[in-house]
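1. this one's structure only:
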């Protein structure tokens, strides 16, 4: 008896829904779709889609509304780009084959060591898009922290290289560099590449976009020249100019790394082994032979101590040796941002100023770039040891670096001016004092809230550095945004809308509050990520009041029984001022990291009021008030 032929797979019409799911392919099906019922699909199922011979695996979302027909298969923008099919094309759906490599991930979750074959199987499936976001998160978490030893790190690096494309440049040296990150404004690549290329070395630099920072090198470079080029175009640019600065995501160099980074970003997990594999796999795939690694070390940088930097250095050197790379590691100061701008266009502006030798160019960006360029020139044998820095400085000073940068930009599609923000707002010092420190992470957070890197012109323009003395009213930094909506996000309004606080607490500043009818305002002193000592005379609000409470509705605080408070905390009219101490830093429950200032948090004109537990956790932002 002849068996009946297998039924052909059910077909649905492909429909582009225009939903942005970042890089994750997502499929949408109606809950009454017959294919959904016959195949047993349910929400979060993994479904294999095939159109015209192209196959992808997507995560299913079930639709209850009737905007999607039961005979349609809707796809997100990420899935649409991968399928490259016309609207209405027939698409077949089925269950994907089981993922055998997922068993290795489970083993790692339970603490087992991964072999080279196991890691190769996992990375192959990751690069093919067979892992869901949840499965990727499980793998990233299982490898986070110090859970990958050196042998696993080398195996992971090899696997990530093998699943992608590789560029071969032929005989000769190929120079490259990488910064571990965590330091806003550190756009040295755009200065180092033209210096090295002007000295006759090849330096094809593939750079990344921002992951958790306000700008990546590719984001900043894109504001002055195109960066999206394929391998053939990169070859032409390098053969013509000796260097390039392009986006690595436009070529399939270590594609699994890009997928893992997509999951690491929202999880905010750091894995030293994955960091090493991520960096070196792309260098090997790009055909580099000599690599310089910059590790900024600082309390708010990605690497926070010299001991951690030393451990990372040893792992980088051992893995690079196993991969056949010549590698040198440089530990640099990561205690403060580099340059003045934070954000793609503002950082590109600083780079152009350095290359053009403008008088107001940030000296720290120039010095750091020359240091790194000097190391690469010595590694490439262009100059003897100890002569790299002066040679790089001469190339920058005589204009050769700027001419080479212009040549590279023209080869990549043309040099253009960075965009300028339509909305700006200065944040000024509320008191005189010295800047004692800068929090890199909080500055980066503010720049991202202003719109960077999605809005290339958005970010922060710094006006002071650590050690500077500032007077009251002097600008600390300027916020740049491309839309007024970003001001609302940052709880800041233009200067003409500033109002004096009339809340239940006395603040000794003018507070820029939110729009009327909104939520609680934020104290600019509390939102400023610059630590400093308050100095100078009594606040202007006290001097105007002649010793009375600085705001309406306040009375001088008195001790129990009606007696005045202790010496040093009486009303300002008595001629005794309380000298503020350095701001203490408290993590708040909102989107900000901000200090709790002893001068204004829970303080009346005559002295500090007793703090409640809630005030201690929320910082010094005033409560709701209709007085803004």
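-> Structure's in. What do you need? What you see is a predicted model; the values in this text were computed from it and never measured.

2. tell me which residues of stretch 271-288 are tucked away?
-> Residues of stretch 271-288 classed as buried: 271-288 (neighbour count, 16 or more other CB atoms under 10 Å). Where you see a C-beta, it was placed from the backbone N, CA and C, and this is true even at glycine.

3. Where does pLDDT dip in the chain?
-> For the chain, the stretches with pLDDT under 70 are 1-10, 486-628.

4. Report the contact partners of the residue nearest to the spatial centre of it.
-> Using CA atoms, centre = their mean, the residue of the chain that lies closest to the mean C-alpha position is residue 213, 1.5 Å off. Contacts for residue 213 (CB atoms under 8 Å, 6 or more residues apart in numbering) come out as 181-182, 184, 444, 453.

5. mind running it again at 10 Å?
-> Residue 213 sits next to 181-186, 219, 302, 342-343, 440-441, 444, 447-448, 452-453 when contact means CB atoms under 10 Å, 6 or more residues apart in numbering.

6. so of these, which ones are in strands?
-> When strands are assigned by DSSP state E, the members of the contacts of residue 213 inside them are residue 342.

7. In helices only, show me the contacts of residue 213.
-> Here DSSP state H is the test, and the contacts of residue 213 give 219, 440-441, 444, 447-448 as lying in helices.

8. Pop the domain breakdown of this protein in here.
-> Here the chain is described, according to automatic domain parsing, as comprising the domains 11-94, 102-162, 175-412, 423-555+569-618.

9. and those, which is most packed in?
-> Comparing the domains of the chain on average neighbours per residue, with mean count of other CB atoms under 10 Å, the densest one is domain 175-412 at a mean of 21.

10. First-to-last residue distance for it?
-> Taking CA to CA, to the nearest Å, the span from the opening residue of domain 175-412 to its closing residue is 19 Å.

11. what's the distance between that domain and the middle of its chain?
-> Here domain 175-412 shows a centroid-to-chain-centroid distance of 15 Å under the convention CA atoms, centre = their mean, to the nearest Å.

12. can you check stretch 65-73 too?
-> 38 Å.

13. Now do the SS call for the residue nearest to residue 192 when sequence neighbours are not counted.
-> Of all residues beyond its chain neighbours, the one nearest residue 192 is residue 373 (4.6 Å), with distances taken as CB to CB, 6 or more residues apart in numbering. Three-state secondary structure (criterion: DSSP: H, G, I helix; E, B strand; the rest coil) places residue 373 in helix.

14. And residue 373, how far from residue 383?
-> Summarising the geometry, the distance separating residue 373 from residue 383, computed by CB to CB, to the nearest Å, is 11 Å.

15. so what sits against both of the two?
-> By CB under 10 Å, 6+ apart, the residues touching both residue 373 and residue 383 are 199, 389, 391-392.

16. Those in helices, which ones?
-> 389, 391-392.

17. Secondary structure element holding residue 104?
-> Element membership for residue 104 (DSSP states H and E) is helix 102-109.

18. what's in contact with that helix?
-> 99, 112-115, 117-122, 125-126, 130-131, 135-136, 138-143, 147-148, 152.

19. so what strands line up beside the longest strand seen in the chain?
-> Criterion DSSP E: the longest strand present in the chain is strand 54-63. Strand 54-63 sits in its sheet next to strand 26-30 (parallel), strand 46-51 (antiparallel), going by DSSP bridges.

20. Tell me the helix or strand right after the shortest one.
-> Per DSSP H and E, the first helix or strand lying C-terminal to strand 26-30 is helix 34-39.

21. And the ones in helices among the shared contacts of residue 373 and residue 383, which is closest to residue 362?
-> Proximity of those to residue 362, judged by CB to CB, is greatest for residue 392, which lies at 16.7 Å.

22. And that closest one, how far from residue 371?
-> The span separating residue 392 from residue 371 equals 8 Å under the rule CB to CB.

23. Which neighbours do those two have in common?
-> With contacts defined as CB under 10 Å, 6+ apart, the residues adjacent to both residue 392 and residue 371 are residue 192.

24. and the residue nearest to the centre of the chain, which of the three is it?
-> For residue 213, the reduced secondary structure class is coil; criterion used: three-state DSSP.

25. in terms of contact, does residue 261 touch residue 274 like I think?
-> Yes - in this structure residue 261 lies within contact range of residue 274 using CB atoms under 10 Å: 9.1 Å.

26. Three-state assignment for the closest residue to residue 89 other than its chain neighbours, please.
-> With CB to CB, 6+ apart as the measure, residue 14 is the residue that lies nearest to residue 89, at 4.7 Å, once sequence neighbours are left out. When classified by three-state DSSP, residue 14 comes out as strand.

27. What ranges does the stretch 301-450 of the chain have for its helices?
-> The residue ranges that make up the helices of the stretch 301-450 of the chain, judged by DSSP state H, counting those that start in this stretch, are 306-323, 344-355, 363-379, 388-397, 400-412, 440-449.

28. Output those as a markdown table; include the columns distance to residue 223.
-> Supplementary listing: those in a markdown table, determined by distance: least, CB to CB, whole Å:
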| stretch | distance to residue 223 |
| --- | --- |
| helix 306-323 | 30 |
| helix 344-355 | 5 |
| helix 363-379 | 16 |
| helix 388-397 | 21 |
| helix 400-412 | 11 |
| helix 440-449 | 15 |
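
29. wait, which of those is closest to residue 161?
-> That would be, of these and by CB to CB, helix 306-323, which comes in at 7.8 Å.

30. and the closest one, what does it pack onto?
-> Under the contact definition 3 or more CB pairs under 10 Å, 6 or more residues apart in numbering; DSSP states H and E, helix 306-323 sits against helix 150-162, helix 272-285, strand 290-297, strand 326-333.

31. In its sheet, which strands sit next to whichever helix or strand comes after the first one, and in what direction?
-> Meaning helix 150-162. Heading C-terminal from helix 150-162, the first helix or strand you meet, by DSSP H and E, is strand 175-179. Taking DSSP bridges as the criterion, strand 175-179 sits next to strand 290-297 (parallel) in its sheet.

32. what angle sits between the strand it pairs with and strand 326-333?
-> Regarding strand 290-297 and strand 326-333, their directions subtend 20 degrees when assessed with axes from the mean of the first three to the mean of the last three CA atoms, to 10 degrees.

33. Let me know the angle separating strand 290-297 from helix 272-285.
-> Interaxial angle of strand 290-297 relative to helix 272-285 (the same axes, to 10 degrees): 150 degrees.

34. Please work out which residues outside whichever strand or helix holds residue 81 touch it.
-> Counting by DSSP H and E, the element that carries residue 81 is helix 77-83. Counting by CB under 10 Å, 6+ apart, the neighbours of helix 77-83 from elsewhere in the structure are 14-28, 49-52, 54-59, 73-76, 85, 87, 89, 91, 129.

35. Strand partners (parallel or antiparallel) of the following helix or strand past it?
-> Tracing the chain past helix 77-83, the next element assigned as helix or strand by DSSP H and E is strand 90-94. For strand 90-94, the pairing partners within the sheet under DSSP bridges are strand 11-16 (antiparallel), strand 46-51 (antiparallel).
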